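A.B. asks: I need the structure of the sequence given here:
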Amino acid sequence: MKYVFTFLLCMLFATGNHAQLTVNEKYERADSLLQAGNMQEAYDLFKEISPLINPKDTLYNYVAWYYTTAASAMESKFRIKENFSKSLEYGLEALALIRKYKERFDARFSEREQWMIKNIIVSYHGLGKLEDAKPFRALLYEGYRNKTLPKGIDQYFNFDFFVLDDKNVWGYEWFEELPKDRFSKSFTKIVYYVYSRKPDGTDNEQLYRLHVLMFHKIDEKSPDYVLTLKRTVGQSESSRTLYDYFYTADIDYVKLKADIKTVVKTVNLTDAVKTPGN
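C.D. replies: Next comes the predicted model:
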């Protein structure tokens with residue numbers, strides 16, 4: 001009986017060592033895949049081993065960091081391909097991981113939270129789920145008011161992206177609100193940047209910009225914003241107000257996106273300040 005107990009004890013010890021070795025091997029494999037740019041397989045392995053590691057283990061922080069990195073990379077991959085269902089899935093997971101692990105790392109890791117919130121907003125807009133985007137947009141505005149947003153997202157944020165007629169179209173929103181004195185300055189709330197595309201789908205040349213520009217109200221019946229097309233060529237900039245497209249302070253994002261698509265489809269690129277359709 002004594003020998004049987006000793007044998008079982010040795011087997012348990014050996015099994016434990018083998019299990020730990022397997023986790024280490026999977027970590028090394030996942031790390032190699034990550035460095036090679038194979039994000040899907042790296043993500044799968046990091047996700048698999050993450051719950052198997054004791055938080056007190058020195059390996060835990062490495063897995064936490066790279067698991068979050070892989071999930072974030074997957075989010076970006078699908079978002080740029082306009083597969084917003086998948087980018088949203090990975091974005092929500094990455095956000096949960098950032099919030100779970102941020103106490104273990106420095107401020108730069110914590111800043112990923114606001115950036116991922118921005119990415120989630122893009123996915124919701126891509127899916128047309130604007131109500132679902134609202135609480136995430138509110139989080140960014142709260143960060144703006146409290147001055148807690150990281151540099152690069154502290155004045156404006158990307159909220160929309162789509163490809164149309166071989167053009168990349170990026171929507172950016174400024175946090176600043178309409179001034180009380182409508183004649184005090186020129187004010188833009190939203191800009192859609194329109195780019196030609198390289199063969200790999202990345203941005204090439206900026207063709208023009210579509211500004212949701214403050215309208216100098218005459219009375220309460222006047223609109224708050226009017227769409228304005230701007231184009232920069234060399235050192236000069238041309239501008240044309242598109243009087244068919246007006247908006248109230250509470251911008252209708254569905255209407256705005258439809259209007260942007262109409263302009264992008266019809267604008268004459270040889271004269272980008274020409275009113276579309278005229």
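A.B. asks: use CA for all of it now, contacts and neighbours both
C.D. replies: Noted.
A.B. asks: can you report how many residues lie near T69?
C.D. replies: By other Cα atoms under 10 Å, 20 other residues sit near T69.
A.B. asks: before we move on, which element is it in?
C.D. replies: Using DSSP states H and E, T69 sits in helix 59-80.
A.B. asks: alpha carbons only: can I get the following helix or strand past that helix in CSV?
C.D. replies: Next helix or strand after helix 59-80 toward the C-terminus (DSSP H and E): helix 84-101. The C-alpha trace of helix 84-101 is given here as CSV (Å, rounded to 0.1, in the frame of the first residue of the first chain):
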residue,chain,number,x,y,z
PHE,A,84,-18.1,45.5,-37.8
SER,A,85,-19.8,42.6,-36.2
LYS,A,86,-16.4,40.9,-35.6
SER,A,87,-14.6,44.1,-34.8
LEU,A,88,-17.3,44.9,-32.2
GLU,A,89,-16.9,41.4,-30.7
TYR,A,90,-13.2,41.7,-30.3
GLY,A,91,-13.5,45.4,-29.3
LEU,A,92,-15.8,44.6,-26.4
GLU,A,93,-13.5,41.7,-25.3
ALA,A,94,-10.4,43.9,-25.5
LEU,A,95,-12.1,46.6,-23.5
ALA,A,96,-13.0,44.1,-20.8
LEU,A,97,-9.4,42.9,-20.7
ILE,A,98,-8.0,46.4,-20.5
ARG,A,99,-10.2,47.2,-17.6
LYS,A,100,-9.3,43.9,-15.9
TYR,A,101,-5.6,44.2,-16.2
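A.B. asks: could you check helix 84-101 and say which residues are buried?
C.D. replies: Using 16 or more other Cα atoms under 10 Å as the test for burial, helix 84-101 gives 84-95, 97-98.
A.B. asks: which one of these is nearest D165?
C.D. replies: For the buried residues of helix 84-101, the residue nearest D165 by Cα to Cα is F84; the value is 19.0 Å.
A.B. asks: before we move on, back to that, and the helix holding T69, C-alpha only, in CSV?
C.D. replies: Output in CSV follows, covering the C-alpha atoms of helix 59-80 (Å, rounded to 0.1, in the frame of the first residue of the first chain):
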residue,chain,number,x,y,z
LEU,A,59,4.1,34.6,-16.5
TYR,A,60,0.7,36.1,-15.8
ASN,A,61,1.5,39.7,-16.6
TYR,A,62,3.1,38.7,-19.9
VAL,A,63,0.0,36.7,-20.9
ALA,A,64,-2.3,39.5,-19.8
TRP,A,65,-0.4,42.0,-21.9
TYR,A,66,-0.1,39.9,-25.1
TYR,A,67,-3.6,38.6,-24.8
THR,A,68,-4.9,42.1,-24.7
THR,A,69,-2.6,43.1,-27.6
ALA,A,70,-3.8,40.2,-29.8
ALA,A,71,-7.5,40.9,-29.1
SER,A,72,-6.9,44.6,-29.9
ALA,A,73,-5.1,43.7,-33.2
MET,A,74,-8.0,41.4,-34.2
GLU,A,75,-10.5,44.3,-33.5
SER,A,76,-8.5,46.6,-35.7
LYS,A,77,-8.1,44.0,-38.5
PHE,A,78,-11.9,43.5,-38.8
ARG,A,79,-12.8,47.2,-38.4
ILE,A,80,-10.6,48.3,-41.3
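A.B. asks: and it, how far out from the chain's middle?
C.D. replies: From the chain centre to the centre of helix 59-80 is a distance of 14 Å (Cα atoms, centre = their mean, to the nearest Å).
A.B. asks: and if you look at stretch 205-221?
C.D. replies: Mean C-alpha position of stretch 205-221 versus that of the full chain (Cα atoms, centre = their mean) differs by 24 Å.
A.B. asks: state the mean pLDDT of it.
C.D. replies: Here stretch 205-221 scores 86 as its mean pLDDT.
A.B. asks: buried stuff in it?
C.D. replies: Neighbour-count burial for stretch 205-221 flags 206-216 (criterion: 16+ other Cα under 10 Å).
A.B. asks: equivalent analysis for stretch 151-160, please.
C.D. replies: So for stretch 151-160, counting by 16+ other Cα under 10 Å, buried means 153-154, 156-160.
A.B. asks: end to end, how far does that stretch reach?
C.D. replies: Start and end residues of stretch 151-160 are separated by 20 Å (Cα to Cα, to the nearest Å).
A.B. asks: pull the distance from that stretch to the chain's centre.
C.D. replies: 10 Å.
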